[in-house]
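> Sequence first, then the predicted structure, then my questions.
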Amino acid sequence: MGQILTVVQEKFHGKQWKEKQIRKITDRAFDHIRDESSDSRDGLTFEDVYIAVLCVFNDINKHLPGPHHDPPTKDKLRSLMKEHDVNLDGLLDREEFAEFIRKLTAETLTAVSQSLIIALILAPTVALMTKKATEGVPGVGKMVQKLPNSVYASIITLGVLLAQKSTEGCE
């Protein structure tokens, strides 16, 4: 599924679109955390990185469809931070932070991409295939017959998106 999304993204946005978008997000988060920090260091401390990760996952959960995604534990963040602290100063500079967030969110973004594919491609296709079957249901059939295919598919797709959002926190 993730390969399909990659092909679609490359067709519509170019090969590097995703990387550019992630970089914009990481630069904005880095600048915001640095502006809020009281020390004058050039990099982010573990506490700064932890806050940034919570903000990123909050945005993912608020703005993207699919199930709720929990941020990693502090222990996992510490080990990832050590792995990405190339200059071993205990801080993540802008480049280290960008790579850190890219790796951290790769799995989550793949899951979100798969949810989008299901909701935006599979749901309308299944809706149109089942529309004919629902036309024979008493009371509902006449209404379904009157709806244009595009409206019916949109209603079903919206229902799938809402059902995905309502399952948050059930994992």
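Noted; the coordinates are in hand.
> ok, the residue nearest to Val137 when sequence neighbours are not counted - how many residues close by?
Leaving out its chain neighbours, the residue that sits closest to Val137 by Cβ to Cβ, 6 or more residues apart in numbering is Val144, at 7.6 Å. Yep, even glycine has a C-beta here, placed from its N, CA and C like the rest. The number of residues packed near Val144 is 16, by other Cβ atoms under 10 Å.
> What's the separation between Val144 and Glu36?
Per Cβ to Cβ, to the nearest Å, Val144 is found 53 Å from Glu36.
> Likewise for Gly141?
In this view, Gly141 and Glu36 are 58 Å apart by Cβ to Cβ.
> Which residues belonging to the strand or helix carrying Pro124 are considered buried?
Using DSSP states H and E, Pro124 sits within helix 123-134. Neighbour-count burial for helix 123-134, counted by 16 or more other Cβ atoms under 10 Å, picks out Ala123, Pro124, Ala127, Lys131.
> picking up where we left off before, neighbour count for Gly141 and Glu36, which is higher?
Taking neighbours as other Cβ under 10 Å, Gly141 and Glu36 compare with Gly141 leading, 13 against 9.
> Now do the more buried one, the pLDDT please.
According to the prediction, Gly141 has pLDDT 79.
> And Thr6, by the same measure?
At Thr6, the pLDDT recorded in the model is 56.
> thinking again about what came up before, for my notes, please list the buried residues of helix 123-134 in JSON lines and give pLDDT and distance to Cys55 for each entry.
Below are the buried residues of helix 123-134 laid out as JSON lines (pLDDT from 0 to 100; distance: Cβ to Cβ, whole Å):
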{"residue": "Ala123", "pLDDT": "74", "distance to Cys55": "30"}
{"residue": "Pro124", "pLDDT": "77", "distance to Cys55": "33"}
{"residue": "Ala127", "pLDDT": "79", "distance to Cys55": "36"}
{"residue": "Lys131", "pLDDT": "80", "distance to Cys55": "42"}
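> coming back round to it: and for the helix or strand following the helix holding Pro124, what's in contact with it?
Using DSSP H and E, the helix or strand that follows helix 123-134 in sequence is helix 141-146. By Cβ atoms under 8 Å, 6 or more residues apart in numbering, the residues outside helix 141-146 that reach it are Lys131, Thr134, Glu135, Val137, Tyr152.
> Thought Val140 was touching the second one, still the case?
Put plainly, it is Thr134. Yes. Between Thr134 and Val140 there is a contact under Cβ atoms under 8 Å: 6.1 Å.
> What about His85, how many residues nearby?
You called it His, but residue 85 is Asp. So Asp85, with other Cβ under 10 Å, has 19 neighbours.
> can you check His69 too?
His69 has 17 nearby residues by other Cβ under 10 Å.
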